[in-house]
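> just the structure for this:
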Amino acid sequence: MRLVLLGAPGAGKGTQAVFLKERHNLAHISTGDIFRQNLKDNTPLGLEAKKFMDAGQLVPDEIVMKMVGGKLAEFKPGEGFMLDGFPRTVAQAEFLETQTKLDGVIMFKVSDEAIVKRLTSRAVCKECGNVTNIHEHDRCQACGGELYRRDDDNEATIRERLRVYHEQTEALVEFYRARGLLIEIDATGMPEEVFARVVETLEHD
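As a prediction, this is how the structure comes out:
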């Protein structure tokens, strides 16, 4: 199974990716991880991308597509994966069609207001990275470590990230809907409830 995961920041894609990986043995391909690996290894593409990142500019589609294409080339026929963070533009989606055949594009839907509430309540453990709700716990529930708030988990930053997300994703949603690949999932509620909806749709349609 080969999937694309779409959803706003805070929609829970990362959590659902963990569930999908365990149930269907799918590799989780994050563009953030691909970028970090290329930068760490000082690859030609990584060095090229760094120029734009250092200048505070978006990395051009051409570089992003080459990085992702290189990663996808590592998979053998029949090996499944989930793409998280790619594609972000229609040009990237068209490129992806030349690289692989998708089985579905899962769109995790949550209202902007619910996301703002979720992210402004988020705290991260300094020890293990576990995420929890700052209003419900004063220590990490996994290891007992100290919790901290991320600098970008403030309302103004979150709303700007949501604005950019909607601007980028609107055309993608129509692109995949027209191809009959779009799977819309209500991502409100507990993670296990959301995953039950994913399973129901993927395995029983």
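> hmm, who's touching stretch 8-20?
3, 5-7, 26, 28, 82, 84, 106, 108-110, 112, 115, 118-119, 122, 158, 161-162, 165-166, 169, 187, 191, 194-195, 198 (CB atoms under 8 Å, 6 or more residues apart in numbering). Just so you know, the C-beta spots here come from the backbone N, C-alpha and C atoms, and that holds for glycine as well.
> ditto for stretch 154-172
Contacts for stretch 154-172 (CB under 8 Å, 6+ apart): 6, 8-10, 87-90, 93, 112, 115-116, 119-120, 152.
> what's the first helix or strand after the lowest-mean-pLDDT helix or strand in the chain?
One helix or strand of the chain scores below all others by mean pLDDT, DSSP states H and E: strand 131-133, with a mean of 83. Sequence-wise, the next helix or strand downstream of strand 131-133 (DSSP states H and E) is strand 147-148.
> centre of the chain to the helix or strand harbouring Gln168, how far?
Taking DSSP H and E as the definition, Gln168 sits inside helix 155-178. Relative to its chain's centre, helix 155-178 lies at 13 Å (CA atoms, centre = their mean, to the nearest Å).
> just the buried ones from the contacts of stretch 8-20, in PyMOL syntax?
The buried residues among the contacts of stretch 8-20 can be selected in PyMOL (16 or more other CB atoms under 10 Å) with this line:
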select buried, resi 3+5+6+7+26+28+82+84+106+108+110+115+118+119+122+158+161+162+165+169+187+194+195+198
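> so which of the contacts of stretch 8-20 sit within strands?
3, 5-7, 28, 82, 84, 106, 108-109, 122 (DSSP state E).
> cool, thanks, talk later.
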